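structure for the following, please:
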Amino acid sequence: MDYVRWFDQLSKEDVGIVGGKGANLGEMVKFGIPVPPGFVLTANSYWRFVDHNNLRDKIAEILSRTNLNDPVSLLKASEEIQNLFINGQIPDDLKNVIIENYKNLSKIFGEEETYVAVRSSATAEDLPNASFAGQQATFLNVKGIEELLEAVKKCWASLWTARAMNYRTQMGFDHMKVALAVVIQKQIFSEKSGVMFTVDPISNDISKIVIEASWGLGESIVSGEVTPDEYVVDKNTLQILDIKVNRKDIMTIYDPEKLTKKVNVPDDKKEIRCLSEEEIRRLAELGKKIEEHYGNPQDIEFAIDKNGIWIVQTRPVTTYRKRSGRILLKGISASPGIGKGRVKIIYGPEDFKKFEKGDVLVTRMTNPDFEPLMAIASAIITDEGGNLSHAAIVSRELGKPCVVGTREATKVLIDGMYVTVDGARGIVYEGDVEFERKEEKEEKIVATREITATKVFAIADYPETVMKIRDKIDGIGLLRLEFLILRERKHPRWYLENNRLKDLEDILVNRIGEIASLMFPKPVIVRTFDLRTDEYRGLEGGDKEPIESNPMIGWHGIRRDLDQQEILIAQIRAFKRLIKEMGYRNIWIMIPFVISWEEVKAVKDIMEREGLIPHKDVKFGIMVETPAAALTIEEIIEKAGIDFISFGTNDLTQLTLGVDRNNSLVQKLMNEKHPAVLELIKRVIRVCKDKGVYTSICGQAGSDPEYASMLVELGIDSISANMDAIDSIRDAIARKEKTIMLDFVRKWIRG
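Now for the predicted structure:
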């Protein structure tokens, strides 16, 4: 039986047995492209595993009792089938083949066990042209036989994710005729990396090759944290036409735990180009060769290590400009996508009435007041902010193209002018710039629903977002009440002053209930109002908000709710209806900006008077976002009593370091990894563990894999991440948990 094919034994004709990714890698090797060496477990390997574990009948039985058009039923079937694969046994003959070829691959690099990437490559013998891109899993930095065998099983299992099953159902494909090949390829730890376009993606000039590169892994370029060097090469003569060297402060590298981490670029490398002339010309030669072979412009990813240049992936250019358009602005890529429309410059709520659906929102910086406009905008552009700004976070959740940190959008752009926004590249063009999109679909790295002891929650406020992610999260770690009332455009104080608090209660019941029902029975942590006086002034009734010199540390959070108890009681009554009358016992209540146990006790007393008993009827907790809460956590637990805490690292960092996170002049000082911040977090987790209090995080630091890994080591119970970080955070958690278990076993064996 043909279980394994090395890349040099494959070509584009072998899609039927090794899938598109496997065949493409083999094709590149055939015509002399330096591809990291590897081999593919063919579709025959998949079927051998399936038959050895008698899975055909078991899968058929599960499918026969499943309504594949019902999301809940589909998710249950998906988990059941994936567990069959995870718990299955690889037959000895196939296992020996995998081990033998892995050892041979390791020997090429003079290693006993080398790091590899394990990638899925779906295929259907009767459907050679079907596209399964982006539906199955990839595992990076796998080392050792046991890790490899486990990753292979997880790849096979990922053929049965709810997303993949739904795609086959909608396309009318027979589930039992689709198989999964597995690519096992040397993992490259690049010293420098980047992307190369064999057509100028800005001017659409087919005579030029454009190369972008930076130090370390390519993640820093993709995330927009680094502006890469840019090299322009004449495609015909390979003459270097232009070199633009940018300052590169940050680089992404691998750490000993096999997770990526961001570090500062050494001072002597920050302002020098990272590619030599020889590397530029060699890359251009390869790019030209690849384009000539495939017959169309290519988008090529490359990595450079001590062994030279490696081509990691190539695909047809999926977007390129058909018509010229002058570049007006460049900024930080905050949320990908293409958006077009007429510019509306919005300085504040007084301008909101001029904004219409489909306009491009241009402003200095957004705040929650802007969210109704962001929801109907075709794109968002700001003068200020970075990847952790309000505009960036909300745009990602809404799926809106967004460019932040342009510095001068409100000065350069003019009301009514038509622009095209390329969120992925952080560019704003003049006019209607057309992007041709080819059918080629880029394969994405997605994670299987790996079971971890540390729960993965999401930060989400919109039902549309929850629908997209609910099958791969363990709960909602932060649902912000103030976000739920923006549709009505009325400030909570309007309901108070107009004796309409029952209307506010009804709105909250409907909006919270919508998300609680989507997630049931998984927990939904709902934060009570955290209304800053400067953020919601544009809502009806908000004009009466007091003017504060520093609203960040002013009248908001629980201190405000205790001053305006009628509004707090309206929230509690909404919770009571949802939990006691409607049965949504998956709702947890969390209060923000706490500084003392007295505040917590006061809220609990009001809840009890309203007939909603903390701990008995509902889990009740606090956000730890002030140093005061962190330093008095014992008192809060012992004198007031809580079920859980959740770190708000954005505020905890700025209050600990004395840095305004909205001030661009001191943004560089915002550091969640500062020893002082970490000491507070360690202290709180240690105390909570001793007292039996559940711990979580809902700040932006939870979306950083390195930070997540550190929190797991400290013993946190759950981590909340942004929608676009859920897969990487689950992977980071799983790896750290395995490392901890292995370390424990090794110590136990050593006695």
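
quick one: Asp234 from Lys288, how far?
When Cβ to Cβ, to the nearest Å is the yardstick, Asp234 and Lys288 sit 10 Å from each other. Glycine gets a C-beta too; all of them are placed from N, C-alpha and C.

what is the burial count for Gln564?
Other residues lying near Gln564 total 16 when counted by other Cβ atoms under 10 Å.

OK, contacts around it?
Gln564 makes contact with Pro492, Arg493, Leu496 under the criterion Cβ atoms under 8 Å, 6 or more residues apart in numbering.

got it, and Ser395?
Ala334, Ser335, Met374, Ile380, Pro401, Cys402, Gly423.

so which of those residues wins on neighbours?
With neighbours taken as other Cβ under 10 Å, the top of these is Cys402, carrying 33 neighbours.

now do the phi/psi pair for the closest residue to it other than its chain neighbours.
The shortest distance from Cys402 to any residue that is not its chain neighbour, by Cβ to Cβ, 6 or more residues apart in numbering, is 3.5 Å, and that residue is Ser395. For Ser395, the backbone dihedrals are phi -60, psi -40 (criterion: degrees, to the nearest 10).

for Glu679, state which of the contacts of Ser395 is nearest.
The nearest member of the contacts of Ser395 to Glu679, counting by Cβ to Cβ, is Ala334 at 31.1 Å.

three-state assignment of that closest one?
What DSSP: H, G, I helix; E, B strand; the rest coil gives for Ala334 is strand.

you'd agree it is up against Val394?
No. Between Ala334 and Val394 there is no contact under Cβ atoms under 8 Å: 9.8 Å.

give the intersection of the neighbour lists for those two.
Between them, Ala334 and Val394 have no joint contacts when contacts are counted by Cβ under 8 Å, 6+ apart.

re the thing from before, from the contacts of Gln564, which land in strands?
With DSSP state E as the criterion, strands contain none of these.

which ones among those residues are found in helices?
Among the contacts of Gln564, the ones falling in helices (DSSP state H) are Pro492, Arg493, Leu496.

Throw those into CSV and include pLDDT, thanks.
Conversion of the ones in helices among the contacts of Gln564 to CSV gives the following (pLDDT from 0 to 100):
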residue, pLDDT
Pro492, 92
Arg493, 91
Leu496, 92
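
among these, who's most crowded?
Using other Cβ under 10 Å as the contact criterion, the top neighbour count among these goes to Pro492, which has 27 neighbours.

ok, that residue to Arg247 distance?
The spacing between Pro492 and Arg247, counted by Cβ to Cβ, is 45 Å.

on the three-state scheme, Ile311 is what?
Secondary structure assignment for Ile311 (three-state DSSP): strand.

neighbours of the closest residue to Gly426 other than its chain neighbours, how many?
By the measure of Cβ to Cβ, 6+ apart, the closest residue to Gly426 outside its immediate chain neighbours is Ser333, 4.0 Å from it. Look at Ser333: counted by other Cβ under 10 Å, it has 24 neighbours.

for Ser333, name its beta-bridge partners.
Note on Ser333: beta-bridge partners by DSSP bridges are Val403.

what do you get for the one 5 residues further on?
Per DSSP bridges, the residues bridged to Ile338 are Asp422.

roughly how far does it sit from Glu356?
Ile338 sits 19 Å away from Glu356, taking Cβ to Cβ as the criterion.

who has more neighbours, those two?
Of the pair Ile338 and Glu356, Ile338 is the one with more neighbours under other Cβ under 10 Å, namely 19 against 12.

pretty sure the more buried one is touching Gly423, no?
Yes. Between Ile338 and Gly423 there is a contact under Cβ under 8 Å: 7.2 Å.

name the residues contacting each of those two.
Counting by Cβ under 8 Å, 6+ apart, the residues touching both Ile338 and Gly423 are Pro401.

buried sites along stretch 407-415?
By neighbour count, and taking 16 or more other Cβ atoms under 10 Å as the criterion, the buried residues in stretch 407-415 are Ala409, Thr410, Val412, Leu413.

name the nearest of those relative to Lys455.
Ala409 (39.5 Å).

next structured bit after the helix or strand of the chain with the lowest mean pLDDT?
Sorting the helices and strands of the chain by mean pLDDT, DSSP states H and E puts strand 319-321 at the bottom, at a mean of 51. Tracing the chain C-terminally past strand 319-321 and defining elements by DSSP states H and E, one meets strand 327-330 next.
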